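S.K.: coordinates only, sequence not included:
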């Protein structure tokens, strides 16, 4: 059984409520597939939306940045934050312009972020960032040293208030429009890797690992 | 010559300023390639980040929604909004965990949105939404009728205060790390179409248009 939390007032999906989903498994699967989140916060009365990488460990989302980052400096004050992850799955082509749509899966998280001060948790979060992007990479590369750990601030955000919103399937046209002789359906979209580009200084004997050649999202 | 506006205090890229770009051509190309923007606004003191489709006509970005949408209802009051479009171009795999990165192009727009009341502008914006997603589609499908026009609210946002931020190229490792025998380089990522899925009620004689079979972003 998938745990399903009751939505809070602010996580309740208001528009097209049948697209709302509050199952933890659905939410975590979207978060684990995404690579970039959009972090929303208010600084001096002005909303900011900043794209950044993230990682997840159990029921916690982590983001990180330089101590000089406005986003990190602002969020560590414990203010309200909204983090959104969106996966675009396809274009929905209807017979009328009005019923065109997109298939997507998105997660919206509300909460307040906390600076991670515990070194072990911070190290685990940095591992989660790398593993989130590309599995099996962490064990092969040099781990962060003390200097790098000190130069990175990590913020944790509990996944307690999160909701997903999804659209799947083909177009839904007005009944009269089904006679219009135009192609209709779905064009699926996927983030796919192209040919890896070796670093200019890569030793020629180093082979491409399978976790890169077989990379999928 | 590409017009280049001086950045405003809030559009000036603060972190890694060499990644900042204020050229209109760069900004518009990113906006035209993206499919989803993330709209940030404050409602009752709480930041929200909502993914949505958009279109561009000249120096104006348009978003739309139902009159029942909280985002649309809130933004049409003329409050500050931040709209961000992010294109993920690749994973940057360094020899240390710390220097892993992503290649991306993003645009951040600040301003206030205005409800489009002029029917001609509204119609042109709806055309821009469809053409933005898939070129040559608008002329083949049924145009919005009076009822659909009334049921859609369109907001305009001037592209006066916008900036781009980009990262390109391979990893930059610490000099001592170049001896680590691990693959390093870039794994480019691209949003690519899969096989189109015809609608269940599509007439069998209707062929797939080339603007769908040849779709690229």
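M.R.: Sure thing, it's come through. It should be emphasised that the depicted structure is a prediction, and the values quoted were computed from it without experimental measurement.

S.K.: pLDDT score for residue A:15?
M.R.: Note on residue A:15: pLDDT of 73.

S.K.: for the lengthiest strand in chain A, which helices and strands make contact with it?
M.R.: Looking across chain A with DSSP state E, the single longest strand is strand A:80-93. Applying 3 or more CB pairs under 8 Å, 6 or more residues apart in numbering or on different chains; DSSP states H and E, we find strand A:80-93 packed against helix A:24-33, strand A:36-43, strand A:101-112, strand A:185-193, strand B:37-43, strand B:46-52. Quick note: C-beta positions are derived from backbone N, CA and C, even for glycine.

S.K.: let's go with 6 Å and repeat that
M.R.: If you count contacts as 3 or more CB pairs under 6 Å, 6 or more residues apart in numbering or on different chains; DSSP states H and E, strand A:80-93 packs onto strand A:36-43, strand A:101-112, strand A:185-193, strand B:46-52.

S.K.: just the ones you listed: most buried one?
M.R.: Scoring the helices and strands packed on strand A:80-93 by mean neighbour count under mean count of other CB atoms under 10 Å in any protein chain shown gives strand A:36-43 as the most buried, with a mean of 23.

S.K.: what lies in contact with that one?
M.R.: With contact meaning CB atoms under 6 Å, 6 or more residues apart in numbering or on different chains, strand A:36-43 is reached by A:48-52, A:54, A:74-75, A:81-85, B:38, B:40, B:42, B:47, B:49, B:84, B:86, B:88.

S.K.: parallel or antiparallel, which strands does that strand pair with?
M.R.: Its sheet considered, strand A:36-43 pairs with strand A:46-53 (antiparallel), strand A:80-93 (antiparallel) by DSSP bridges.

S.K.: so what touches the shortest one?
M.R.: When you say that, I think you mean strand A:46-53. A:36, A:38-41, A:63, A:71, B:38, B:40-42, B:47, B:49, B:80, B:82, B:84, B:86, B:106.

S.K.: okay, angle between it and strand B:101-112 too, please.
M.R.: 160 degrees (axes from the mean of the first three to the mean of the last three CA atoms, to 10 degrees).

S.K.: most distant residue from the middle of chain A?
M.R.: Relative to the mean C-alpha coordinate of chain A, counting by CA atoms, centre = their mean, the farthest residue is residue A:179 (39.7 Å).

S.K.: okay, and the helix or strand of chain A with the least pLDDT?
M.R.: The weakest-scoring helix or strand in chain A, judged by mean pLDDT, DSSP states H and E, is strand A:20-21 (a mean of 80).

S.K.: so which of the helices and strands packed on strand A:80-93 comes closest to residue A:213?
M.R.: strand A:185-193 (8.8 Å; CB to CB).

S.K.: residue A:214 versus the closest residue to residue A:213 other than its chain neighbours, what's the distance?
M.R.: Nearest-residue entry for residue A:213: residue A:196, 7.3 Å, with adjacent residues in sequence omitted and distances by CB to CB, 6 or more residues apart in numbering or on different chains. To residue A:214, residue A:196 is 11 Å away according to CB to CB, to the nearest Å.

S.K.: so what's the nearest residue to residue A:133 once chain neighbours are set aside up against?
M.R.: In space, residue A:133 comes closest to residue B:91 once its chain neighbours are excluded; the distance is 5.9 Å by CB to CB, 6+ apart. Contacts for residue B:91 were tallied using CB under 6 Å, 6+ apart; they are A:133, B:102, B:187.
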